[in-house]
Every structure is written in structure tokens, then in C-alpha cells.
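Please find the sequence and the predicted model below.
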Amino acid sequence: MKGATALFPSLVLLLLCALSLVSAASYDLWPKPSSQSVGQDQNLVISPQNFDLVISGYESDILSRATLRYLDLIFYHPDWNSKKSVGDADITELILDVTTDDLTLTETTDESYTLVVQKPQASLTAKTVYGALRGLETFSQLVELNTTSMSYLVNETMIVDSPRFQFRGVLIDTARHFVEVPVILQHLDAMAYNKMNVLHWHIVDDQSFPYESITYPELSLKGSWTGTPDHIYSQEQIRSIIEYARDRGIRVIPEFDTPGHSLSWGNAYPQLLTACFDGSEQYGYGPINPLPQFTWDFLTGLYKEFNVVFPDTYIHIGGDEVDFTCWSTNPQIQQWMQENNYTNYAEVEQYYETKLIGVLESLNKSYIGWQEIFDNGLQLSPDTIIDVWKDSPWNTELGSVTSKGFKAILSAPWYLNYISYGEDWPNYYAVEPLSFQGTSEQYDLVIGGEACVWGEYVDSSNLISRMWPRAGAVAERLWSPRNVTDQGDAQNRLQAQSCRLLRRQIDAEPPNGPSFCPQEFKSSYNPTWLNRELSHKKEY
């Protein structure tokens, strides 16, 4: 069976290349594929009673679960699924051929795929299961329900696709406001529907420490908002989020930002932080104190735990916005600087980060850091990834980072927590990550970017709607070829994608002003008194 199906995709490719091709403009795919051709055979019928996703290559639990999930996404109209007869289907199966058994999910994972749709059999070929997931998403978007004939239809199509950038991330912030696990899972679904593959989880900050540490349990008991399960992510919940993400080809990279943004750590362990002084009077705490041995024993134990809980090869170490004011008032820090001939507080930060990097290297963990760890001249490992977040200007910073041979990701122009009235997604869509003067080797070091939604005014109630479909503009910029820049075309496709997200229970906001979707958002608002009150009003 494998030998026969292995020949199928290449033969069909030759056949479709010989066809007279028609425009593919009618397809509302998001993000736009690298290459797409539509054949003459249009409006092919597939039937929920006579269609299957058949695994012919390497099998895995990830792919098996994905086939069940995508059958539900393809045949989404429950009232119609039970009515269609079996006899009038043009395509009866999609053959899934994954050619390697590699299930690792890293910064180099191959997500390419080839999709060929023709009757009576369609085929999807990918090197990895994660490429197959991207192809399944594309196929699900190709299928449309014709509301006149009440038939699921798809056109003869050939798509050869792969992402432009390997790192296509979204940052969520669960420290400023706690975000419930079901909302995070919903967000992961939306990422998969937009072919994004990295969840940058800014899990703790000054305001709260909602991560449950087994090594140091008081971190969350005293550092989260209430110290109760309502505001703490248990290790079991974290494992479920990571597994849910992996099933969708998404890496989870946590950020534990230090030495700044760490005041919540001090609720349980004040000796970690630097004491701030006004003359001889202490008035509070500042960044982590890099001098005591306790600091390094503590961080070593904690990062050993992080290394077990979060299996990705990378962790985000933060390193941004370190306020030197407190260090400058602390007598211990001042004396230590004099003894070591340090003249500025950036050197204190460098000392801290260098020791932290040593802890990570002892665990064989690679790291991402905000751009300050580069700007302040730290000695960095060759595989360091610099996260460029400042607008001053970001393209110059990308040029500087890559000129020193470091990999970079871009966040600066994609802060989606800033909102304005009207269409703002075109601003994100117009960003070109490689718009700086550099060599081809430098351009290769820009491995992608991420959309960021910081949590000062975002919680479970509005994370999804604020993020989607606006993050889709970033998703297409990072997936599709560089020449995919037509905003008029994107406007129509993003509208269709927004409606698709609503249909899939993602509460996406309208991207383009006045409009409608065939399947509108359905509110779950139904307090116990509502039906009683509505019934009462009917009496008048």
C-alpha cells in the first residue's frame, strides 16, 4: 500500500501542471500559500458519510487525533451532515503521507507540505506530522458549504507550501491578569488555524507569580493574586497546555523575566531581591540581588525544575527594563562595585545575566532574551536569540544584532495590546521584517517574529477578541512569501478568516468595519433569571 501511494502525489503533480489553470482568487485561504494552482474541475462534492482522512505514511497519535479534529472542522454543519446521501461524492478520501517518523518540535522542524485535490482521491504529503497539520488546515479552508445546494464543495487544486519564517509566535501575559486555562486552549486553536507555531508565555512578572513550583511552592502561594487555585497554574495544567499545543504543532516557550520584573518573587523570598535605601532607611525592594550565594542556589534549583516542566530547547530569560535606581542605593552593591572596579550598573546586570546563562548552559538549555542583553554588551552564547522589542528603530537593531552573528525575532511593530478605533491590522500587515541593510547571511538570522498582547488591560474576557483576527496579519507576514502584500486581497481573505474563526468558536472581532458572517457570534450569556424574565414580559 505504501509503495502505491508514494507514487500518487508526483503523478498528480504532473497531471495538474498539464491542466489549463484558472484563477485561485476565489479561495479565501489564510495565510496565503507559497504556491497554489486551481484546475478546471470545479465544485467537487465531498460527503460526510463517504469521506475519510486516511493515514498511509508514518502514523502517530498526534496525526490520529488531528484527523478526528479536522473531520469535525471540515463538516461543520450538524444539521446537514445527517442528510447528505452517500452516492454523489466526487472525492472519497484524503491520503495523508508523512514520510518520516520525526516527532521532535524545535526551531528547525520542517512544516512544508504538498496538497493535491482531485477526484476520486486527494493527497497530502509532508516530511513531518507538523507539516501534515499545516496541510490539513489548508484543506479544511478549501472546503466550502454551498448553502444553496447544501453540499460541501472543493475545487481541483495543487498547493506546494512552506513557511517563510520558522518562528511565528504569539506572546500572552498571565501575570498582570490571570488567564483561565480554557481561554489559553482556545487561543492555541486560533494559532493553529493561522499556522502560528510558538506560544511565548510571559507567565510571571512584578504583579503576580501564578506558576506552581514544586521546588519552591510558596512562590505561587504568596506571589499569585490570591494564593488559591483560581490564580495559579498547576503543573498538571501546564503539562496539559504543553501537550495540547504540541498536538497542534505549537511550541511553548515560557518567560521568567529577571532580574527586573521580579517583585512578586519577593513576596515569598524577600532575600532574593535588592533592598532599596533612602539614606539609612530601607523603603522597598528592587531587582534580584546578584551577590548572595542564596540567589544562585535558589535560581539553580528553580531552573532545574523549569527544564523538566518545559521541554522546549529554549527558555525566555527576559532581561528587559532593569531599573538601576535600587542597585544604586544599596550599600552592599556599591561596595561590591568598588571592589571589582565596576563603574556603571549595566555591569551589575551583565554579572547577573552571565551567571544565569551559566546555569542554563549547565542544563543544556538555550535561551531567548529581550534586546537589552545584547545592547548592554553581554557575552552571549552563539545560539542566543535576541527578541527585538524597541521602536528606536527596530530595523536598525535587527541589523546590529545580525551583524554580530546572533539570531533575532521581531516583536516591536506587533504590540497588539495597543488598540485604536478602526482598522489597524493593515499596520501590522505592512511590516517587512527584512527591511534593513544587511547581507543574505544576516537576513537568514532573522528567524521570525511574534505578536504580543500584554496583560495590563487584558484578561480572560477579552484576550481572544483583542488578539484575533488581528494577529492573523502577523501570521500571514511570517508564513507567506515576501511578495504577498496586496492589502485589498488580504482584506477580503481576512474577513473570511474572521468568519471562519467565529464558526470554530473563536470569538474574533470584526476586522474591517460594517460586515456580517454567515454564522455569527453566539453569546453564551444566559443567567438563571433571564428566561424567567423574558417569559414574564411575554404576558404584556
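Nice, I can see it.

Where does Leu199 fall, secondary structure wise?
strand 198-202 (DSSP states H and E).

continuing past that strand, what's the next helix or strand?
helix 218-223.

Which positions within that following helix qualify as buried?
Using 16 or more other CB atoms under 10 Å as the test for burial, helix 218-223 gives 219-221, 223. Yep, even glycine has a C-beta here, placed from its N, CA and C like the rest.

who's in contact with it?
204, 208-213, 227, 232, 264-265, 267-269 (CB atoms under 8 Å, 6 or more residues apart in numbering).

Now, of the residues you listed, which are buried?
Applying 16+ other CB under 10 Å to these flags 204, 208-213, 232, 264-265, 267-269 as buried.

how near is Glu339 to Arg466?
Relative to Arg466, Glu339 is positioned 49 Å away (CB to CB, to the nearest Å).

More neighbours: which of those two?
More crowded of Glu339 and Arg466, by other CB atoms under 10 Å: Arg466, with 16 against 8.

The more buried one reaches Glu456, doesn't it?
No: Arg466 is not in contact with Glu456 according to CB atoms under 8 Å; the separation is 11.9 Å.

tell me the domain ranges of the chain?
2-161, 167-503 (automatic domain parsing).

Format the ones you listed as TSV; extra columns: mean pLDDT and distance to Gln519.
Output for the domains of the chain, formatted as TSV (pLDDT from 0 to 100; distance: least, CB to CB, whole Å):
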stretch	mean pLDDT	distance to Gln519
domain 2-161	84	8
domain 167-503	97	5
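
mind giving me TSV with those domains and columns for distance to Phe516?
TSV is the format used below for the domains of the chain (distance: least, CB to CB, whole Å):
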stretch	distance to Phe516
domain 2-161	14
domain 167-503	9
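
Ser515 is nearest to which of these?
Closest approach to Ser515 among the domains of the chain (CB to CB): domain 167-503, 6.1 Å.

on that earlier part again, mind saving the C-alpha coords of the strand holding Leu199 as CSV?
The C-alpha coordinates for strand 198-202 follow below in CSV (Å, rounded to 0.1, in the frame of the first residue of the first chain):
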residue,chain,number,x,y,z
VAL,A,198,5.2,29.4,19.2
LEU,A,199,3.4,30.3,22.3
HIS,A,200,5.6,32.8,24.2
TRP,A,201,4.1,32.5,27.7
HIS,A,202,5.1,35.5,29.8
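
Tell me which other helices or strands the strand or helix carrying Thr125 touches.
Using DSSP H and E, Thr125 sits within strand 121-126. Here strand 121-126 touches helix 2-18, strand 93-98, strand 113-117, helix 129-142, going by 3 or more CB pairs under 8 Å, 6 or more residues apart in numbering; DSSP states H and E.

Pull up the pairing partners for the shortest one, direction included.
When you say that, I think you mean strand 113-117. strand 121-126 (antiparallel), strand 157-161 (antiparallel) (DSSP bridges).

Tabulate those strands (JSON lines), appending distance to Ala430.
Shown next, in JSON lines, are these (distance: least, CB to CB, whole Å):
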{"stretch": "strand 121-126", "distance to Ala430": "31"}
{"stretch": "strand 157-161", "distance to Ala430": "23"}
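
Dump the ones you listed to CSV, plus mean neighbour count and distance to Leu53.
As requested, the strands paired with strand 113-117 are arranged in CSV below (neighbours: other CB atoms under 10 Å; distance: least, CB to CB, whole Å):
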stretch, mean neighbour count, distance to Leu53
strand 121-126, 24, 9
strand 157-161, 22, 16
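
Indicate which one of the ones you listed is closest to Val38.
strand 157-161 (5.3 Å).

Can you convert the buried residues of helix 218-223 into a markdown table and add a column each for distance to Lys355?
Shown next, in a markdown table, are these (distance: CB to CB, whole Å):
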| residue | distance to Lys355 |
| --- | --- |
| Leu219 | 20 |
| Ser220 | 25 |
| Leu221 | 27 |
| Gly223 | 23 |
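
roughly how far is the helix or strand hosting Gly369 from the heart of the chain?
Using DSSP H and E, Gly369 maps to strand 366-370. When C-alpha coordinates are averaged (CA atoms, centre = their mean, to the nearest Å), strand 366-370 and its chain have centres 16 Å apart.

Just list what it packs against, helices and strands only.
Looks like strand 366-370 contacts strand 314-318, helix 345-362, strand 385-388 (3+ CB pairs under 8 Å, 6+ apart).

Out of those, which is closest to Ala475?
Across the helices and strands packed on strand 366-370, closest to Ala475 is strand 385-388 (CB to CB), at 17.9 Å.

going on from the closest one, what's the next piece of helix or strand?
helix 394-403.

Which residues belonging to that next one are considered buried?
394-395, 397-402.

Format the residues you listed as JSON lines; extra columns: distance to Gly260.
Shown next, in JSON lines, are the buried residues of helix 394-403 (distance: CB to CB, whole Å):
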{"residue": "Trp394", "distance to Gly260": "21"}
{"residue": "Asn395", "distance to Gly260": "26"}
{"residue": "Glu397", "distance to Gly260": "19"}
{"residue": "Leu398", "distance to Gly260": "23"}
{"residue": "Gly399", "distance to Gly260": "26"}
{"residue": "Ser400", "distance to Gly260": "22"}
{"residue": "Val401", "distance to Gly260": "21"}
{"residue": "Thr402", "distance to Gly260": "26"}
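
sorry, back to before: go through the helices and strands packed on strand 366-370 and pick out the most buried.
Of all these, strand 385-388 has the most neighbours on average by mean count of other CB atoms under 10 Å, namely a mean of 26.

Now do that strand: distance to the chain's middle.
Relative to its chain's centre, strand 385-388 lies at 16 Å (CA atoms, centre = their mean).

Ok, stretch 470-484 next?
13 Å.

swap in stretch 45-62?
On CA atoms, centre = their mean, the centre of stretch 45-62 falls 26 Å from the chain's centre.

May I have stretch 454-465 exported as CSV, CA atoms only?
The C-alpha atoms that make up stretch 454-465 are tabulated as CSV, following Å, rounded to 0.1, in the frame of the first residue of the first chain:
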residue,chain,number,x,y,z
TRP,A,454,0.5,42.5,27.2
GLY,A,455,-2.0,42.0,30.1
GLU,A,456,-2.4,45.3,31.9
TYR,A,457,-5.9,45.6,30.4
VAL,A,458,-6.4,42.1,29.1
ASP,A,459,-7.8,39.1,30.8
SER,A,460,-9.9,36.0,30.0
SER,A,461,-12.8,38.2,29.0
ASN,A,462,-11.0,39.9,26.1
LEU,A,463,-7.8,38.2,25.2
ILE,A,464,-9.2,36.3,22.3
SER,A,465,-11.1,39.2,20.7
